[in-house]
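A.B. asks: Okay, predicted coordinates and the sequence, questions at the end:
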Amino acid sequence: MDVSYILNDLNDAQRQAVCSTERNLLILAGAGSGKTRVLVHRIAWLIQAENVSPFGILSVTFTNKAASEMRGRIESLLNTPTKGMWVGTFHGLAHRLLRTHWREANLPQNFQVIDSEDQHRAIKRIVRELELDDTQWQPKQVQWFINARKDEGQRPDNIEHHNDPYLEQLIVIYKAYETMCQRSGLVDFAELLLRAHELWLKQPTVLAHYQQRFSNVLVDEFQDTNAIQYAWLRMLVGTSGRIFVVGDDDQSIYGWRGARIEHIQKIQNDFPETGVVKLEQNYRSTGVILEAANALISVNTGRLGKNLWTDGKKGDPISLFSAFNEIDEARFVVNQIMKHVQEGGTRAETAILYRSNAQSRVFEEALFQLNIPYRVYGGLRFFERAEIKDALSYLRLIANRADDAAFERIVNTPTRGIGARSMEEVRMHARQYQISLWEASKAIVSDNRMSGRATNAIATFLTLIEQLSQETKERTLADKVEQTLKLSTLLHYHKNDKSEKAQTRLENLEELITAASHFRYEEGDEEPMDELSAFLSHAALEAGENQGDQWEDCVQLMTLHSAKGLEFPLVFLCGVEEGLFPHQRSTSDETKLEEERRLCYVGMTRAMKQLYFSHAQSRRLHGTDTYPSKSRFIEELPTELIQEVRLKGKVTQPTQHQSKKRTYASTKTSSYNGLRLGQRVSHGKFGEGVVLQFEGESNQARIQVQFDQAGSKWLVMSYANLQGV
DNA sequence: GCGGAGACCCTTTTT
DNA sequence: GGGTCTCCGC
């Protein structure tokens, strides 16, 4: 068979990786060096040149997006569907294993996956049930603790507490949470991985089966693997399999959620006969951008060492903009984008990147003001919306009455007169007899142990669910959803609400019906599950797209974390200030600081042609004004590659804090008693400065000036006696 | 049981 | 600034 098409368009290093004969291989792939390409071509190579059956290949990624991209690219390269091959996320594959081996994994057949919000609610409930002070045992922190333990492969019983009472208490909560999940048939994200790992630990025959089947294991974004994922891979590969991993230690930005960069270093010890190939040629960015990124990342210690190069153009210098405040910053960025569009560029080619989500607001306002379409990544996705989760909880309860998390969520949504008191009674009963909330409610109703009204309300709820379950039994999935929405009165409930938001919620619910009608449950080689369970799992594991309009030509706004893996001709890295980036919480610890630096490196290497850094001299954060200095990361860049866009005293754009009317200073209003925003002025005592904003009228008028020496001051106009410079 | 008013807190995020 | 949570009055 002619396999040259697999190798034709690859460079030497890529080719070396793709057709390597080493048993195991570590590819150190720099940003933009074609790592997905190498993975895809490797799979094609295995199948076409080494005659490996697709059934023998398992390829794992971190996100659904990466998995589906991988699948698509393999299919188009091989020109055939990837049947039999396992391509998916760690969680998706673990889920698949558990669905098949639910008995061996000690799970009910209809177990359901809960997302982190469900998990948070559940933990909150448990902290309360244990009668603990939830300011001392904050559910968020408990959740973090439990997940971190699970990520390390630890169950409550094998955590060493050294008689530390704090730790002991956390372990008690962990245990109680575990008991609840087991009783309710619920599995959280970390649990999927842990269970899948334990399944193999405890069931050697199951493990042997998969070891035999998957002779070739491939891993993307290897630097992001946590302890349990790494252990899982080790077990699967065993003594006879092969592993092929692609990663970049310089792009490890998820240490805070358990990723261990050291895995890249450990792999050569833990997997025998592991070769290494470095991909350093970059096909994305200009020489200048790469040189700057290389300089920045070289400040970090303990790197495996890699230097990106390109044989492309050197390109424009990196621009640095020093804004007066965050509004001036947004204004500048938006102006540059407009310029880019006027020169024939598209909006979709531009990305505004920032460290934290809170920064997006100002940019959104500036874009909205000028009617420029934009898309903000992150935020709630379809299946995470409250109204959708309400609806899904009904479906979950239909599928599994023991699902306490779903029960809690909808027992009084829409309100049907089951309040805190009644629920307290139900919970107490459930705890006492170690039964589900559903069973407890049934017992309470039949015992008639509460007031008539409360008992009635609960009975109505129980009947509703039973009725729903009966009536929708034989229906299609979409009909099930529709009936559920109707009979639960969820639709009616949102219809009665005349607010604009309720309108959107209603549309979302209708969209849920559509989603159900499009959902096709594809039976794999695992044990079949019913369509409803499959749909619910799908909703939890792939929370759906962020809100739409993705095809419209719009400016892309996202955090640096979510930008990983993407590329844009024009990139703005905003808010590059001490305290914000690097973040305040990361500045005290060298390890964290290095991760921030890698984050900056990731951001810079997103840019193909032009890169802007911006920072503000004054920034309103959490409602108070701060005066951050520019980030150390800027200082770490070679000065000859940087060009300051606005030098001191050379004001290009007027600026003003936004008024309640949501308008920016237009040219008309920007003149105030002969002074303009952004104008240089001089004051008898404070010296020279720049006008930041105005407030009030006539003799009440006040003016804010950013003085070069004295900092920012509010002055009463009629006394200030400012002179234009 | 519900909705409004005030207190409180504040990275990054995928599954 | 803004989202979430709690408390209180109806």
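C.D. replies: Nice, thanks for sending it over.
A.B. asks: hang on, A:G724 packs against A:Q679?
C.D. replies: Yes - counting by Cβ atoms under 8 Å, A:G724 does reach A:Q679; the two are 6.2 Å apart. Where you see a C-beta, it was placed from the backbone N, CA and C, and this is true even at glycine.
A.B. asks: the more surrounded of those two?
C.D. replies: Using other Cβ atoms under 10 Å, the more surrounded residue of A:G724 and A:Q679 is A:Q679, with 19 against 11.
A.B. asks: Would you agree the more buried one is in contact with A:V691?
C.D. replies: Yes - using Cβ under 8 Å, A:Q679 is in contact with A:V691, at 4.9 Å.
A.B. asks: Quick check: neighbours shared by these two?
C.D. replies: Common contacts of A:Q679 and A:V691 (Cβ atoms under 8 Å, 6 or more residues apart in numbering): none found.
A.B. asks: Can you get me a residue count around A:I318?
C.D. replies: Counted by other Cβ under 10 Å, the residues lying close to A:I318 total 25.
A.B. asks: And for the one 3 residues further on?
C.D. replies: The local packing of A:F321 (other Cβ under 10 Å) involves 23 other residues.
A.B. asks: likewise the one 10 residues further on?
C.D. replies: By other Cβ under 10 Å, the residues close to A:R331 number 25.
A.B. asks: Where does it sit, in terms of helix or strand?
C.D. replies: If you go by DSSP states H and E, A:R331 is part of helix A:326-342.
A.B. asks: tell me which residues of that helix are tucked away?
C.D. replies: Using 16 or more other Cβ atoms under 10 Å as the test for burial, helix A:326-342 gives A:326-334, A:336-337, A:340-341.
A.B. asks: So which elements touch that helix?
C.D. replies: Helix A:326-342 makes packing contacts with strand A:318-325, strand A:350-354, helix A:360-369, strand A:568-573, strand A:607-621 when contacts are defined by 3 or more Cβ pairs under 8 Å, 6 or more residues apart in numbering; DSSP states H and E.
A.B. asks: Now do the contacts for A:V445.
C.D. replies: A:455, A:458-459, A:462.
A.B. asks: scratch that, A:Q211 is what I was asking about
C.D. replies: By Cβ under 8 Å, 6+ apart, the contact set of A:Q211 is A:236-238, A:240-241.
A.B. asks: Likewise for A:A292?
C.D. replies: Residues near A:A292 by Cβ under 8 Å, 6+ apart: A:318, A:604, A:611, A:637-638, A:641-642.
A.B. asks: Output those as TSV; include the columns pLDDT.
C.D. replies: Putting the contacts of A:A292 into TSV (pLDDT from 0 to 100) gives the following:
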residue	pLDDT
A:I318	95
A:M604	96
A:L611	96
A:L637	95
A:P638	95
A:L641	95
A:I642	93
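A.B. asks: Tell me the one among these nearest to DNA strand C.
C.D. replies: Closest to DNA strand C out of those is A:M604 (28.0 Å), distances taken as Cβ to the nearest atom of the strand.
A.B. asks: Kindly provide the distance from A:I6 to A:A44.
C.D. replies: 5 Å (Cβ to Cβ, to the nearest Å).
A.B. asks: what touches both of those two?
C.D. replies: Common contact partners of A:I6 and A:A44 (Cβ under 8 Å, 6+ apart): A:L77.
A.B. asks: Compare the two (neighbour count), which wins?
C.D. replies: Between A:I6 and A:A44, counted using other Cβ under 10 Å, A:I6 has the larger neighbour count: 23 against 20.
A.B. asks: from chain A, which residue is nearest to DNA strand B?
C.D. replies: Proximity to DNA strand B, evaluated over chain A using Cβ to the nearest atom of the strand, is greatest for A:G419 at 1.1 Å.
A.B. asks: Apart from its chain neighbours, what residue comes closest to that residue?
C.D. replies: A:N412 (7.1 Å; Cβ to Cβ, 6 or more residues apart in numbering).
A.B. asks: Spell out which parts of chain A neighbour DNA strand C.
C.D. replies: Contact residues (Cβ under 7 Å from any atom of the strand) of chain A with DNA strand C: A:134, A:358, A:361, A:620, A:622-623.
A.B. asks: ok, which pair from those residues is furthest apart?
C.D. replies: Pairwise distances across these peak at 31.2 Å for A:D134 and A:R620 (criterion: Cβ to Cβ).
A.B. asks: and the helices and strands packed on helix A:326-342, which one's lowest on average pLDDT?
C.D. replies: Per-stretch mean pLDDT for those is lowest at helix A:360-369 (a mean of 89).
A.B. asks: Past it, which element shows up next along the chain?
C.D. replies: Heading C-terminal from helix A:360-369 (DSSP H and E), you reach strand A:374-376.
A.B. asks: Parallel or antiparallel, list what pairs with that next one.
C.D. replies: According to DSSP bridges, strand A:374-376 forms sheet pairs with strand A:555-559 (parallel).
A.B. asks: Closest approach to DNA strand C from chain A, which residue is it?
C.D. replies: Of all residues in chain A, the one sitting closest to DNA strand C is A:G623 (2.5 Å; Cβ to the nearest atom of the strand).
A.B. asks: Return the residues in contact with A:P582.
C.D. replies: Contacts of A:P582 (Cβ under 8 Å, 6+ apart): A:592-593, A:596-597, A:631-633.
A.B. asks: do the same with A:A440
C.D. replies: A:A440 sits next to A:426-427, A:429-430, A:433 when contact means Cβ under 8 Å, 6+ apart.
A.B. asks: was I right about A:A351 contacting A:S562?
C.D. replies: No - the criterion here is Cβ under 8 Å, and A:A351 misses it with A:S562 at 10.3 Å.
A.B. asks: quick one: which of these two has more around it?
C.D. replies: Each of A:A351 and A:S562 has its neighbours counted (other Cβ under 10 Å); A:A351 has more, 23 against 15.
A.B. asks: residues near A:S629, how many?
C.D. replies: Using other Cβ under 10 Å, A:S629 has 12 other residues around it.
A.B. asks: Now the phi/psi pair for the closest residue to it other than its chain neighbours, please.
C.D. replies: Using Cβ to Cβ, 6+ apart and skipping the chain neighbours, the partner closest in space to A:S629 is A:E578 (5.2 Å). Phi and psi for A:E578, reported as degrees, to the nearest 10, are phi -60, psi 140.
A.B. asks: Just confirm A:E578 contacts A:K630, I think it does.
C.D. replies: Yes - counting by Cβ under 8 Å, A:E578 does reach A:K630; the two are 7.3 Å apart.
A.B. asks: Locate A:S682 within the secondary structure: which element?
C.D. replies: For A:S682, the host element (DSSP H and E) is strand A:680-683.
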